[in-house]
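Asks: here's a sequence, model it:
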Amino acid sequence: MGDPRIIDIQLDDRTIIRRNEDIERERKVAIFDLLEENHFAPSGHEGPFQILLRVEDNRLAIDLKDKAGEPLDTIRLGLARFRRPIREYFAICDSYFKAVRAGSANGIEPIDMARRALHNDAAELLKEALEGRIDMDFDTARRLFTLICVLHIK
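Replies: As a prediction, this is how the structure comes out:
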């Protein structure tokens with residue numbers, strides 16, 4: 001049995017639309033946390049895996065490579081179901097980051113709770129959408145959703 005985890009993850013720079021300090025920090029933290037601990041088991045493949053996330057034709061493409069970097073497969077997923085959660089997630093994050101910068105302690109907790117709830121729902125949606133193709137734990141799905149948010153979605 002292989003090692004069902006991601007050992008390297010890249011985002012296709014051509015499909016990243018949002019680049020600001022807050023988004024870059026979220027991206028870096030998600031990648032760091034994901035590589036520290038994850039469970040990622042695509043059907044029919046044994047890990048560990050290197051993956052590249054990209055968008056092609058309004059679909060998420062997850063390019064799988066083995067430990068040595070040899071291509072294994074590409075798993076594609078329609079992104080239409082994620083448009084609303086991504087839009088709402090960015091709106092909540094923008095409010096959250098503004099409140100943090102303003103030092104508004106009263107406004108941060110409710111915004112953060114809403115942000116976490118939306119993030120959790122989106123992680124469950126991602127797990128469900130990939131069911132039967134990729135088995136992953138909740139935290140891995142959460143971190144992957146953060147990275148999907150950074151990619152360009154028309």
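Asks: hmm, who's touching the helix or strand bottoming out on mean pLDDT in the chain?
Replies: Ranked by mean pLDDT, DSSP states H and E, the weakest helix or strand in the chain is helix 83-102, scoring a mean of 80. The contact list for helix 83-102 (CB atoms under 8 Å, 6 or more residues apart in numbering) reads 18, 22, 26, 107-108, 111-112, 114-115, 118-119, 121-122, 125, 145, 148-149, 153. In this view, the C-beta of every residue, glycine as well, is placed from N, C-alpha and C.
Asks: what do you get if the cut-off is 6 Å, keeping everything else the same?
Replies: Asp22, Gly107, Ile108, Ile111, Ala114, Arg115, Leu118, Ala122, Cys149 (CB atoms under 6 Å, 6 or more residues apart in numbering).
Asks: and if you look at stretch 74-82?
Replies: Asn58, Arg59, Leu60, Ala61, Ile62, Asp63, Ala129, Arg133, Ile153.
Asks: repeat for stretch 108-125
Replies: By CB under 6 Å, 6+ apart, the residues outside stretch 108-125 that reach it are Pro85, Glu88, Tyr89, Ile92, Ser95, Tyr96, Ala99, Phe138, Ala141, Arg142, Phe145.
Asks: give me the number of residues near Ala99?
Replies: 18 (other CB atoms under 10 Å).
Asks: how close does it get to Arg27?
Replies: Counting by CB to CB, to the nearest Å, the separation of Ala99 from Arg27 is 21 Å.
Asks: ok, of the contacts of helix 83-102, which come out buried?
Replies: Ile111, Ala114, Arg115, Leu118, Ala122, Cys149 (16 or more other CB atoms under 10 Å).
Asks: quick one: which of those residues sit in strands?
Replies: Among these, no residue falls in strands (DSSP state E).
Asks: just the closest of the residues you listed to Gly69, please.
Replies: Gly69 lies nearest to Cys149 out of the buried ones among the contacts of helix 83-102, by CB to CB, at 26.2 Å.
Asks: flag every buried residue along stretch 76-94.
Replies: So, applying 16+ other CB under 10 Å, buried residues of stretch 76-94: Leu77, Leu79, Phe82, Pro85, Ile86, Tyr89, Ile92, Cys93.
Asks: turn the residues you listed into JSON lines, including distance to Asp12.
Replies: Below are these laid out as JSON lines (distance: CB to CB, whole Å):
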{"residue": "Leu77", "distance to Asp12": "15"}
{"residue": "Leu79", "distance to Asp12": "14"}
{"residue": "Phe82", "distance to Asp12": "17"}
{"residue": "Pro85", "distance to Asp12": "21"}
{"residue": "Ile86", "distance to Asp12": "17"}
{"residue": "Tyr89", "distance to Asp12": "20"}
{"residue": "Ile92", "distance to Asp12": "25"}
{"residue": "Cys93", "distance to Asp12": "22"}
